[in-house]
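Novice: show me the folded form of this:
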Amino acid sequence: MNHPLEHPVFRRIGEIADNMQVEAYVIGGYVRDYFLKRPSTDIDVVVIGSGIEVAKQLSQEIKTTVSVFKNFGTAMLKYDSMEIEFVGARKESYRASSRKPIVENGTLTDDQNRRDFTINAMAFGLNKNNFGICLDPFNGMEDLKNKIIRTPLDPDTTFSDDPLRMIRAIRFATQIGFDIEGKTWEAIVRNKDRITIVSKERIVTEMNKIIMSSTPSVGFKLFERSGLLSYIFPELLRLKGVEKIRGKAHKDNFFHTLQVLDNVASESDNLWLRWAALLHDIAKPQTKSWNDIVGWCFHGHEVVGSKMVPVIFRNMKMPMNEKMKYVQKLVFLHLRPIVLAQEEVTDSAVRRLLFEAGDDIDDLMLLCRADITSANDAKVKRYLRNFEIVKQKLKEIEEKDRIRNFQPPITGEIIMNTYQIPPSDLIGKIKSAIKEAILDGKIENDYHQAYQLMEKIAADYGLQKKE
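Specialist: All right, here's what the predicted structure looks like:
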């Protein structure tokens, strides 16, 4: 294992600290990740004194700009591939109604005491007299070895002071595959209602890190077990449970959704495709019904679910932009490839799917394949076999008809100019008829054929060309 502080910048920081007669330490994530053999480019330096002054001096010596945040007593600069943040050692106390701490200057011990977990409280000395020595007052190394997440001080106080730490505990458990220590877990369960004082933005930031982990289902199962899920994502919790009528039960849509999420995560690093997996069946509780002939139905859950997407994004303070529309679109279309796979695959149906999905067709197909889960192996094999037929058909139609993102070759402007008519519903009807004819395969996606059809439809409406 390489020396943790082999980069020359660490020795330089130590020399600046010695000259200023202050102590400096690398603390937190960089130290933890060094022992976990994980790459880390975020360096937190705590100074017993002014972190800002040390940062300013370093920025002058390495000739880079420094960003100073006086209100927070921090400074940050970039060097090589690293982001180095400097802060003065702090002592924190909290009011019950807020997770914003009352901050005072403190010692290294004060600073380590305020850390969320033992594995994040370890520090490397940077001064000449302790360079590279690990200071580990809470046995974080032992917890790393045993793969345990534990708070340095009383967990009830830790989580009550800053309830976001409960979400972070679950995030670390998911990301690095550690177990949350018993007393720490019990404190999360006891303090779960405190999460209501944390901003939605901070919660979603942590949730996105869970969603982007290799097995995100771990985090959501821990959210459910702890009781946190009912506060941070109640719509997802409503998917949980199985109802049985006349011996027929539907699948538990909560665990099915998490399986689909894991399936997508194994194939794609696209955060928003993973969100689509998480939300694809979100409307099943609202659309659940029983039919004596076919059993359990969730008719229209893709339509209702797509309408829920912007509501959920707004509630969670997530971006109301193209990313949201992308998730909404995939939720709306997620059944289409499966339906095609169950029926005879017609060119017309494939053209329509290509037209509606556009550039997102590959992501839709990935989501749809991930959605094929069942305890019945024969059923899964049959679906997958048919699904491959749909994929092949998509490829053939795409190459032949150029339908993806196609715009009908006859525009409204062409119709208006040809017949000298103003904008009206009639133009929309002619354009729609041409589009449907192309999608149904009655004519090719070709200007000449589309123009001839326009003339025929216009004549049926009694329109005449103006010379």
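
Novice: got any ranges where the stretch 1-150 of the chain has weak pLDDT?
Specialist: 1, 91-104 (pLDDT under 70).

Novice: now do the strands in it.
Specialist: All strands of the stretch 1-150 of the chain, identified by DSSP state E, counting those that start in this stretch, fall at 23-27, 42-48, 66-69, 74-79, 82-88, 90-93, 102-105, 123-125, 134-135, 148-149.

Novice: which elements pack onto the first one?
Specialist: The reference is to strand 23-27. Packed against strand 23-27 by the contact rule (3 or more C-beta pairs under 8 Å, 6 or more residues apart in numbering; DSSP states H and E) you find helix 8-20, strand 42-48, helix 108-113, strand 123-125. Where C-beta positions appear, they are placed from N, C-alpha and C, glycine not excepted.

Novice: ok, the closest residue in space to E53 that isn't next to it in sequence - how many residues close by?
Specialist: Nearest residue to E53, sequence neighbours excluded (C-beta to C-beta, 6 or more residues apart in numbering): M20, at 6.7 Å. Neighbourhood size, M20 [other C-beta atoms under 10 Å]: 15.

Novice: and P39, by the same measure?
Specialist: When neighbours are counted by other C-beta under 10 Å, P39 registers 8.

Novice: distance to G28 added to the helices and strands packed on strand 23-27, as TSV?
Specialist: Output for those, formatted as TSV (distance: least, C-beta to C-beta, whole Å):
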stretch	distance to G28
helix 8-20	15
strand 42-48	5
helix 108-113	10
strand 123-125	8
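
Novice: so which of the ones you listed is nearest G219?
Specialist: Taking C-beta to C-beta, strand 42-48 is the member of those nearest to G219, at 20.9 Å.

Novice: need the strands of the stretch 1-150 of the chain in TSV (columns: distance to F332).
Specialist: Listed next are the strands of the stretch 1-150 of the chain as TSV, based on distance: least, C-beta to C-beta, whole Å:
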stretch	distance to F332
strand 23-27	47
strand 42-48	38
strand 66-69	42
strand 74-79	42
strand 82-88	39
strand 90-93	46
strand 102-105	47
strand 123-125	50
strand 134-135	53
strand 148-149	39
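
Novice: how about the ones you listed in TSV, adding mean neighbour count?
Specialist: Formatted as TSV, these follow (neighbours: other C-beta atoms under 10 Å):
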stretch	mean neighbour count
strand 23-27	25
strand 42-48	22
strand 66-69	15
strand 74-79	19
strand 82-88	20
strand 90-93	15
strand 102-105	12
strand 123-125	22
strand 134-135	16
strand 148-149	22
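
Novice: identify the single longest helix in the protein, thanks.
Specialist: For the chain, the longest helix by residue count, based on DSSP state H, is helix 377-401.

Novice: any idea how far S306 is from T411?
Specialist: According to C-beta to C-beta, to the nearest Å, T411 and S306 sit 28 Å apart.

Novice: out of these two, which sits in the busier spot?
Specialist: The neighbour comparison of T411 against S306 (other C-beta under 10 Å) goes to S306, with 22 against 12.

Novice: having no further points to raise, I will conclude here.
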